[in-house]
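Asks: structure for the following, please:
(one chain, ligands or ions: 1)
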Amino acid sequence: MTQDELKQAVAQAAADYVAANAPAGSIIGVGTGSTANFFIDALAPLKDRYKGAVASSEATRKRLEGHGIPVLDLNDVDDIPVYVDGADEVDAGLNMIKGGGGALTREKIVAAVAGTFVCIADGSKLVDVMGRFPLPVEVIPMARAHVARELARLGGKPVLRTGFVTDNGNLILDVGGLSISDPKALETQINQIVGVVTNGLFAVRPADVLLLGTSEGVRRIG
Ligand code: 5RP
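Replies: Residues are numbered from 1 along each chain as shown. Below is the predicted model of the structure:
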């Protein structure tokens with residue numbers, strides 16, 4: 001199977017998970033990226049079952065609306081039973097690195113509201129120790145150099161993502177050279193640096209369920 005076929009398979013499994021676990025009339029949280037895009041396409045035929053969706057990025061909002069799925073402002077929503085999103089890396093504890101698409105902050109906000117976080121990924125994303133994928137950190141533009149120095153003090157090699165501005169008007173530093181033995185501690189430590197909006201470690205609030213696409217079928221963990 002190609003990587004896209006694996007992504008499509010987990011996206012369909014996630015749509016089935018949502019149909020079985022999110023009550024009719026509820027609001028679905030929707031992530032960002034190529035795997036999340038396949039999920040949106042799989043959700044579309046069931047759209048009349050749900051009140052609508054909360055989007056974790058402008059790109060996702062546009063794709064949802066393109067399918068005729070109403071997109072709600074998170075401030076008008078009390079309850080998101082299920083949030084479905086991809087990951088750049090995920091470990092056996094369902095901690096993740098996210099933000100390859102630069103949507104990490106909004107993704108983390110939607111995840112904070114969601115009852116159940118379902119991570120969808122092809123098998124290549126499952127790792128023993130995270131850090132090979134450079135960790136995205138969203139920063140306020142005027143703090144870019146300060147944050148980069150602080151990240152270097154932690155042993156990282158921050159690189160500015162060129163030509164990229166987040167949906168929130170900020171910059172991304174992609175931090176290589178990290179071997180992340182304690183994801184929760186590192187997530188908390190980086191978020192303490194003044195000027196950091198948030199970082200792409202999702203360990204304080206990890207996924208609850210991982211749907212992993214493999215050539216033997218979709219594996220469910222959690
Ligand atoms: C976007 C993300 C994505 O979930 C992550 O980059 C995975 O993307 P893809 O499904 O395209 O591999 O965090 O900010």
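Asks: which stretches in this structure count as strands?
Replies: 27-30, 52-55, 80-85, 89-90, 96-97, 114-122, 135-139, 157-160, 171-176, 196-199, 201-202, 209-214, 217-221 (DSSP state E).
Asks: who in this structure is up against the ligand?
Replies: 31-36, 85-88, 98-104, 107 (Cβ under 6 Å from any ligand atom). C-beta coordinates here come from the backbone N, C-alpha and C atoms, glycine included.
Asks: mean neighbour count, mean pLDDT and distance to residue 71 for the strands of the chain - can I get that in CSV?
Replies: Below are those laid out as CSV (neighbours: other Cβ atoms under 10 Å; pLDDT from 0 to 100; distance: least, Cβ to Cβ, whole Å):
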stretch, mean neighbour count, mean pLDDT, distance to residue 71
strand 27-30, 27, 98, 9
strand 52-55, 24, 98, 5
strand 80-85, 25, 98, 13
strand 89-90, 24, 98, 26
strand 96-97, 29, 98, 24
strand 114-122, 24, 98, 16
strand 135-139, 27, 98, 22
strand 157-160, 16, 98, 31
strand 171-176, 21, 98, 24
strand 196-199, 22, 98, 22
strand 201-202, 29, 98, 22
strand 209-214, 22, 97, 23
strand 217-221, 14, 96, 27
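Asks: okay if I get the ones you listed as a markdown table plus distance to residue 190?
Replies: Output for those, formatted as a markdown table (distance: least, Cβ to Cβ, whole Å):
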| stretch | distance to residue 190 |
| --- | --- |
| strand 27-30 | 24 |
| strand 52-55 | 25 |
| strand 80-85 | 20 |
| strand 89-90 | 16 |
| strand 96-97 | 12 |
| strand 114-122 | 20 |
| strand 135-139 | 6 |
| strand 157-160 | 11 |
| strand 171-176 | 8 |
| strand 196-199 | 4 |
| strand 201-202 | 7 |
| strand 209-214 | 23 |
| strand 217-221 | 26 |
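Asks: still on that earlier bit, just the buried members of the residues of the chain next to the ligand?
Replies: 31-33, 35-36, 85-88, 98-104, 107 (16 or more other Cβ atoms under 10 Å).
Asks: in helices, which of the residues you listed appear?
Replies: Among those, the ones falling in helices (DSSP state H) are 35-36, 104, 107.
Asks: now for those: which two are most distant?
Replies: Using Cβ to Cβ, those span at most 15.1 Å, a distance reached by 35 and 104.
Asks: list the buried residues for the longest helix along the chain?
Replies: Determined from DSSP H, the single longest helix within the chain is helix 3-21. In terms of neighbour count (16+ other Cβ under 10 Å), helix 3-21 has its buried residues at 6-15, 17-18.
Asks: and the residues you listed as a markdown table, adding pLDDT and distance to residue 209?
Replies: Listed next are these as a markdown table, based on pLDDT from 0 to 100; distance: Cβ to Cβ, whole Å:
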| residue | pLDDT | distance to residue 209 |
| --- | --- | --- |
| 6 | 94 | 17 |
| 7 | 96 | 17 |
| 8 | 96 | 18 |
| 9 | 96 | 15 |
| 10 | 98 | 11 |
| 11 | 98 | 14 |
| 12 | 98 | 15 |
| 13 | 98 | 10 |
| 14 | 98 | 9 |
| 15 | 98 | 14 |
| 17 | 98 | 7 |
| 18 | 97 | 11 |
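Asks: can you list those residues in CSV and add distance to residue 120?
Replies: Shown next, in CSV, are the buried residues of helix 3-21 (distance: Cβ to Cβ, whole Å):
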residue, distance to residue 120
6, 10
7, 8
8, 10
9, 9
10, 4
11, 6
12, 10
13, 7
14, 5
15, 10
17, 9
18, 11
